[in-house]
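Trainee: missing the sequence, but the structure's below:
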């Protein structure tokens, strides 16, 4: 059985931040992009009409070699994520409050930053569906939350009201760095998640940085689908899961948490930056014994578990190459093209995953991934129901 579900949007970053109570974010739909779908398949049902093969597992499909990524999309060599000598690479909320400033200096920065946000008006929104001034001001408030060390904003107001602006407060970043960060946000359209170094996703706060795709709320649906299937199938709950193209490790960590004391997860990514960030997030949530992060392209790091995987999940690149230049500036200019560009039709990696999934999964395995909307989704449903079935049938009868 192959199922598809509609969710969206993926192609902009508007309003992704959440408050500490984890309320759902307000999303502004993309005006110029197809909306993503989640495609899920249970391979036990999907291949149920095939004549019985000599072996019970679909292990004999000729492996499809992964396309070589041309040099312009090759991932960069990452610097260390964080160390005692480079604390600025840590997300703001995890940094120690080692800086101090006066209330008056912080208010001066805040006033400047708010004016800069107000000057944007609706120009970004009109240009490429980017953030308007209201959203930028909301981001400014979130930035204040991350940089202030448990500081009560009411104390700042009291300091101003009592005409005592020289009250000293502790910060997690120097005021001059705050000026630089906010200029990057407005003038360079640097994503807010990269500015503060994190994104709120499900019940997690995930560290992110340049070179790693920022996780979107609709991708949470992949984890929700896993919740549903493991509640009905103990074999899936106790089995091995693989998150291919893990990025920040969001899906892998989400699945590991819902598996509880059962099962385990392998997270793979071609990018050494993503492997480093995902490993950092896995360790932050003390899931090192539950999740193994491997560097490599799609299914290649999983060769040692071929035919043994209970569930495969992925949020692969699915945007047609020609559409990359038209994406929201925060996405097209700053997020890794390796995680966005799906080739001429946007389906190079989607087809690669479809071709390889059957040989990787054990009987009754589960497969779910995100696509670029209804057109892609319908094509892939037909492809898995017809083309892959024929290939498997021919392969099994050739044994």
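Mentor: Yep, it's here. This structure is a prediction, so every number in the text was calculated from the model and none was measured.

Trainee: Using the three-state scheme, assign residue 331.
Mentor: helix (DSSP: H, G, I helix; E, B strand; the rest coil).

Trainee: Tell me how many other residues surround it.
Mentor: Residue 331 has 23 neighbouring residues, counting by other Cβ atoms under 10 Å. All C-beta spots, glycine's among them, are computed from the backbone N, C-alpha and C.

Trainee: I'd guessed it sits against residue 337; true?
Mentor: No: contact criterion Cβ atoms under 8 Å: residue 331 and residue 337 do not qualify, at 10.1 Å.

Trainee: Could you count how many residues lie near the nearest residue to residue 345 once chain neighbours are set aside?
Mentor: Leaving aside its sequence neighbours, residue 345 sits nearest to residue 320 (Cβ to Cβ, 6 or more residues apart in numbering; 5.8 Å). Neighbourhood size, residue 320 [other Cβ under 10 Å]: 17.

Trainee: doesn't residue 340 make contact with residue 320?
Mentor: No: using Cβ under 8 Å, residue 320 is not in contact with residue 340, being 10.1 Å away.

Trainee: Poorly predicted segments of the stretch 251-399 of the chain, please.
Mentor: Applying pLDDT under 70 to the stretch 251-399 of the chain flags residues 388-399.

Trainee: And the helices in it, which stretches?
Mentor: Counting by DSSP state H, counting those that start in this stretch, the stretch 251-399 of the chain has these helices, from start to end: 272-284, 329-332, 348-360, 374-382, 388-397.

Trainee: Of all those helices, which one comes closest to residue 224?
Mentor: Smallest distance to residue 224 across the helices of the stretch 251-399 of the chain (Cβ to Cβ): 17.2 Å, for helix 374-382.

Trainee: And the closest one, what's buried?
Mentor: Neighbour-count burial for helix 374-382, counted by 16 or more other Cβ atoms under 10 Å, picks out 376-377, 380-381.

Trainee: Serialize those residues to TSV and add fields for distance to residue 277.
Mentor: Listed next are these as TSV, based on distance: Cβ to Cβ, whole Å:
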residue	distance to residue 277
376	27
377	29
380	28
381	33
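
Trainee: Out of those residues, which comes closest to residue 107?
Mentor: For the buried residues of helix 374-382, the residue nearest residue 107 by Cβ to Cβ is residue 376; the value is 49.2 Å.

Trainee: right, and residue 332 touches residue 323 too?
Mentor: No: assessed by Cβ under 8 Å, residue 332 is found out of contact with residue 323, at 9.1 Å.

Trainee: Report the buried residues of the lengthiest strand in the chain.
Mentor: Using DSSP state E, we find that the single longest strand of the chain is strand 361-371. Within strand 361-371, the residues scored as buried using 16+ other Cβ under 10 Å are 361-362, 364-371.

Trainee: chain center to it, what's the gap?
Mentor: The gap between where strand 361-371 is centred and where its chain is centred comes out at 19 Å by Cα atoms, centre = their mean, to the nearest Å.

Trainee: That strand to helix 374-382, inter-axis angle?
Mentor: 170 degrees (axes from the mean of the first three to the mean of the last three Cα atoms, to 10 degrees).

Trainee: Name every strand pairing with strand 361-371 and say which way it goes.
Mentor: Strand pairing for strand 361-371, using DSSP bridges, gives strand 37-42 (antiparallel), strand 309-314 (parallel).

Trainee: Tell me the buried residues in the last one?
Mentor: Residues of strand 309-314 classed as buried under the neighbour-count rule (16+ other Cβ under 10 Å) are 309-314.

Trainee: Next: stretch 173-189.
Mentor: Buried-residue list, stretch 173-189, by 16+ other Cβ under 10 Å: 173, 175, 178, 181-182, 185-186, 189.

Trainee: nearest to residue 242, of those?
Mentor: The closest of the buried residues of stretch 173-189 to residue 242 turns out to be residue 189 (Cβ to Cβ; 34.2 Å).

Trainee: Could you find the closest non-adjacent residue to the closest one?
Mentor: Nearest to residue 189 is residue 329, by Cβ to Cβ, 6+ apart, at 3.9 Å.

Trainee: neighbours around the one you found, how many?
Mentor: Around residue 329 sit 19 other residues, with neighbours defined as other Cβ under 10 Å.

Trainee: I'd say it and residue 129 touch.
Mentor: No: applying Cβ under 8 Å as the test, residue 329 and residue 129 come out as separate, 9.8 Å apart.

Trainee: where exactly do the strands run in the stretch 201-350 of the chain?
Mentor: Using DSSP state E, counting those that start in this stretch, the strands of the stretch 201-350 of the chain run over 204-207, 240-244, 264-269, 291-295, 309-314.
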